[in-house]
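Undergrad: Next comes the sequence, and after it the predicted model I'd like to discuss.
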Amino acid sequence: MVDVLVIGGGPVGLFMAALLLQQGVSVRVLEQRTGAEPHSRAIGIHPPSLDALEGIGVARDLVAEGVPIRRGRAVGGGRTLAEMSFAGVSDRYPFVLSLPQARTAAVLEQRVRQLDPAALHRGVRVTRLHDDGGRVTVEAATGASAVRHTAGIVIAADGVRSAVRPQLGTPVRAKDYPDCYQMGDFADTTGFGPDAALFLESAGIVESFPLPGNRRRWVVRLAESGAGGDARWLADQIRQRTGIDVDPASNSMLSRFGVRSRLVRRMVTGRTVLIGDAAHEISPIGGQGMNLGWLDAVALAPVVLASLQGRHVGVDLRDFEAGRKAAAARAARQSEINMALGRPLAAGPWSIRNRAITAAAAVPAVNGFVASRFTMQ
Ligand SMILES: Cc1cc2nc3c(=O)[nH]c(=O)nc-3n(C[C@H](O)[C@H](O)[C@H](O)COP(=O)(O)OP(=O)(O)OC[C@H]3O[C@@H](n4cnc5c(N)ncnc54)[C@H](O)[C@@H]3O)c2cc1C
């Protein structure tokens, strides 16, 4: 019996665990993977998350490893349409930090192990849970054997394919989008340094972000879901749309993804709370999913502590749920705007849209507003 069981040792579950362990709460994290997740998904860490990560003592390490993106530029037809500085968005962290998710998760795992070497149980797949009103019993498989854990509170951070969510009977608002993308990491040949660049081209958007080690991530909107190809194909698309040559031989990651959103109607069921992607799957275009999950954890931690101290937390839980569902809905809307902006356009509407962007970005108030929305302020 522990105070809190966290299901899922992804970036959100690990961060949640570290927050609670730091407060002296007994926590176990059950993670089905036996090793670290190798795939690189998220790269952008926003200023509110860096404040939160500072709270568990890892912000400095992450910043030391990552690339602070202090400026974004929009490019179209070979010329800069607009520039956006993040200088005004935060006093402590006036940038979006670029770091591959696998590295971020490794730093979080190390912090959890520092706080309690026995907290993380790898190779444990949760199969069922039962809430008797006073505590929750979780059944899990580890290798060929079955194990049981019991806790006062369960926090499910088990990702988009959450096994916990259907067991709770949680209704989900689902939306599928027509957009499809291919991304790849290559050696940086742009000369953009630490700037992010969005190429608003009539064939569809191309996004380019700096990565540590003088590399860049490229994300290309595909014409249709079956499109895409190997590193050479992606490099050709980048060159055709942006005029920039990337070296296919330097490719280290290639991935295609479609887009959907899933927002739960309820994050709290009895003594179990869903957070992170288990509660809200957001389009990666906009790069907010992982950050949103961390901010769920920040909002939930004081409620969990109050509950463990025996205080009545009914109202706090309702406030938590309402606030975080609203934040997820906001992030989903923001990503819809970003996706719409990146869709292919005929030459006429394309140049009208790009002129409008240049005009709007020249207004400092509009520029500042977009910068703060983009950085989750
Ligand atoms: C292409 C792409 C790019 C992205 N870019 C960004 C970005 O730049 N910024 C951003 O903020 N977000 C981004 N995201 C989203 C981000 O990757 C996710 O929001 C983030 O991984 C969510 O973290 P999580 O811990 O909630 O879930 P996950 O990372 O999915 O972790 C869930 C964990 O639970 C474990 N698990 C699942 N089921 C069980 C079970 N039954 N028992 C035990 N363990 C279980 C899994 O093994 C996994 O380790 C991107 C996503 C994609 C696909």
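TA: Arrived safely. Numbers count the residues shown, from 1 in each chain.

Undergrad: Find the closest residue to the ligand in the stretch 101-250 of the chain.
TA: Nearest residue of the stretch 101-250 of the chain to the ligand: Gly159, at 2.7 Å (C-beta to the nearest ligand atom). Heads up, the C-betas are built off the backbone N, CA and C, glycines and all.

Undergrad: so who does the residue lying closest to Leu317 once chain neighbours are set aside touch?
TA: Nearest residue to Leu317 in three dimensions, chain neighbours excluded: Val268, at 5.2 Å (C-beta to C-beta, 6 or more residues apart in numbering). Residues near Val268 by C-beta atoms under 8 Å, 6 or more residues apart in numbering: Leu274, Leu317, Phe320, Glu321.

Undergrad: Show the backbone phi and psi for Val268.
TA: phi -110, psi 130 (degrees, to the nearest 10).

Undergrad: Stretch 275-294 and the ligand, are they touching?
TA: Yes. Under the criterion of C-beta under 6 Å from any ligand atom, the ligand is reached by stretch 275-294 at Gly276, Asp277, Pro284, Gly287, Gln288, Gly289, Met290, Asn291, Gly293.

Undergrad: actually stretch 339-358, not the one I typed
TA: No. Under the criterion of C-beta under 6 Å from any ligand atom, the ligand is not reached by stretch 339-358; the shortest gap measures 13.1 Å.

Undergrad: Show me what that stretch is in contact with.
TA: 74, 76-77, 81-82, 177, 179, 198, 200-205, 207, 221, 223, 259, 283, 285.

Undergrad: Try it again at 10 Å.
TA: 74-77, 79-82, 177-179, 181, 198-207, 219-223, 259, 283-286, 370 (C-beta atoms under 10 Å, 6 or more residues apart in numbering).

Undergrad: I'd like the average pLDDT over stretch 179-188.
TA: Confidence over stretch 179-188 (mean pLDDT, whole number) is 96.

Undergrad: my read: the residue of the stretch 101-250 of the chain closest to the ligand touches Gly10, true?
TA: Yes. If you go by C-beta atoms under 10 Å, Gly159 and Gly10 touch, sitting 5.9 Å apart.

Undergrad: Around the ligand, pick out the residues from the chain.
TA: Near the ligand, when you scan the chain using C-beta under 6 Å from any ligand atom, you find 7-13, 30-33, 37, 41-44, 101, 125-126, 157-159, 163, 257, 276-277, 284, 287-291, 293.

Undergrad: Which parts of this protein are helices?
TA: Assigned by DSSP state H, the helices in the chain fall at 11-22, 47-55, 59-65, 101-115, 164-168, 231-242, 289-308, 314-341, 347-361, 364-374.

Undergrad: okay, those helices, which one's buried deepest?
TA: Greatest average neighbour count among the helices of the chain goes to helix 11-22 (a mean of 27), per mean count of other C-beta atoms under 10 Å.

Undergrad: Which strands and helices lie in contact with that helix?
TA: Judged by 3 or more C-beta pairs under 10 Å, 6 or more residues apart in numbering; DSSP states H and E, the packing partners of helix 11-22 are strand 2-7, strand 27-31, helix 47-55, helix 101-115, strand 120-122, strand 145-156, helix 289-308.

Undergrad: Could you dump those into a markdown table and include mean pLDDT?
TA: Below are the helices and strands packed on helix 11-22 laid out as a markdown table (pLDDT from 0 to 100):
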| stretch | mean pLDDT |
| --- | --- |
| strand 2-7 | 97 |
| strand 27-31 | 98 |
| helix 47-55 | 97 |
| helix 101-115 | 97 |
| strand 120-122 | 97 |
| strand 145-156 | 96 |
| helix 289-308 | 97 |
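
Undergrad: do you know which of the ones you listed lies nearest Leu211?
TA: Among those, helix 101-115 comes nearest to Leu211, with 10.1 Å by C-beta to C-beta.

Undergrad: quick one, that closest one and strand 27-31 angle?
TA: 150 degrees (axes from the mean of the first three to the mean of the last three C-alpha atoms, to 10 degrees).

Undergrad: re the thing from before, check the contact lists of Gly159 and Gly10 and give me the overlap.
TA: Common neighbours of Gly159 and Gly10 (C-beta under 10 Å, 6+ apart) are Glu37, Gly276, Asp277, Ala278, Gly293.

Undergrad: And the furthest pair within those?
TA: Checking those with C-beta to C-beta, the most distant pair is Glu37 and Ala278, at 15.3 Å.

Undergrad: re the thing from before, greatest separation within the contacts of Val268: which pair is it?
TA: Leu274 and Leu317 (12.4 Å).

Undergrad: Now for the two: what residues contact both?
TA: Common neighbours of Leu274 and Leu317 (C-beta under 10 Å, 6+ apart) are Met267, Val268.
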